[in-house]
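J.: here is the input, now give the coordinates:
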Amino acid sequence: IMFGELHPPVTLTDFLNKRVNRLEEVAIPITLDPNLRLIAGTGETLATANMAYARKKRLMKQFQELTADVVVIDIGAGTSYHALDFFLMADIHLAVATPEPTSVLDLYRFIKLAAIRRVLSCFLAHSQMSDILSNRDFHSVEEVMTVAGATDTAGRDTAAAVLQSFRPGLIINRGSDSSRVNVLYLRKILHQYVGGDLMLVGEVPEDPSVPQAIRKFLPVIEAAPTSLAAKGLFSLATAVERLIAAHVGRTNEEMKQLEETKTAIVFAKTEGAPPLPASTPVKSEVPIVSYASTTHNIAEPIRQIDGKVR
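T.: Reported below is the predicted structural model:
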């Protein structure tokens, strides 16, 4: 809707229901920019999609085969297996949160669960570990590492190495001077309780231009390019492009050329969600960026999440 595509001729549902064979066929050019293509959903999100395991694996494989410079997957809110698996399949992981305490707590919970699933995925590829770990419900990374270490002497070292490479990026949405996120504290508790790290990628400030752009069915950078939100988005886009450049090993000169061109980006949304086995993270020649938003409420403070609730 925000790209002005109110009646897309094909959607992700056409691919999931096999009315088309390839995901490429539902990636439609956007009127606002010929270099940008969109895979339209049906109002649901990948986090709540009711997909069988085989269908999800087929979709993941097709994401890697898209003809694009960069694929961006909008997962939406939630901590279902679908949300975690689509988040972890990417090369670059971005989490979006608002400064409200409930959103920050939800961000922490999402990253913790993603870390658990990432560690589990590296072990489930081995048959011996798979039999031990696949039928258990883990509530902390430490619990996974303890069980894995008891079975395989190198298990804890393997898990620690996997966690060290897991460094999702944080995007603050609707930030203001009166409402800030203590990123240093968040990084500290993530390192203490999860073993991973977090980097601040950028911030989009609270701006009345955003709801005004929404009412016009336009992105704010199109409706109000000089607004604070638009400037924040431009800075954020530059930061994400640098993450992509670092991932693919681009030189400074190539990065300069990249910043002078438009990046092909694909968003996806879809539908429901039963528990599924953990999936192994996949890699692709096309850099894949996943981002998840955190909007659900959590009543307990973080120390209670990992102290009493785990």
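
J.: quick one: contacts for I1?
T.: If a contact means C-beta atoms under 8 Å, 6 or more residues apart in numbering, then I1 has F217 as its contacts. For every residue, glycine as well, the C-beta is placed using N, CA and C.

J.: low-confidence ranges in the stretch 151-300 of the chain?
T.: With pLDDT under 70 as the threshold, the stretch 151-300 of the chain has low-confidence stretches at 151, 250-286, 294-300.

J.: all strands for it, in order.
T.: Ranges of strands in the stretch 151-300 of the chain, per DSSP state E, counting those that start in this stretch, are 169-175, 199-205, 288-294.

J.: which among the ones you listed is found nearest to Q64?
T.: Taking C-beta to C-beta, strand 288-294 is the member of these nearest to Q64, at 7.1 Å.

J.: give me the angle between the closest one and strand 199-205.
T.: With axes from the mean of the first three to the mean of the last three C-alpha atoms, to 10 degrees applied, the angle from strand 288-294 to strand 199-205 works out at 60 degrees.

J.: ok so, going back, and the strands of the stretch 151-300 of the chain: which comes nearest H7?
T.: strand 288-294 (25.3 Å).

J.: in a markdown table, list the strands of the stretch 151-300 of the chain along with distance to C122 and mean neighbour count.
T.: Converted to a markdown table, the strands of the stretch 151-300 of the chain look like this (distance: least, C-beta to C-beta, whole Å; neighbours: other C-beta atoms under 10 Å):
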| stretch | distance to C122 | mean neighbour count |
| --- | --- | --- |
| strand 169-175 | 21 | 21 |
| strand 199-205 | 22 | 18 |
| strand 288-294 | 18 | 24 |
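
J.: what's the closest of those strands to F138?
T.: F138 lies closest to strand 288-294 among the strands of the stretch 151-300 of the chain, at 19.8 Å (C-beta to C-beta).

J.: just the residues contacting that closest one, thanks.
T.: With C-beta under 8 Å, 6+ apart, strand 288-294 has contacts from 47, 63-64, 70-78, 83, 86-97, 103-104, 106-107, 110, 171, 173, 240, 243-244.

J.: export the strands of the stretch 151-300 of the chain as CSV, with columns for distance to E5.
T.: Shown next, in CSV, are the strands of the stretch 151-300 of the chain (distance: least, C-beta to C-beta, whole Å):
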stretch, distance to E5
strand 169-175, 22
strand 199-205, 22
strand 288-294, 20
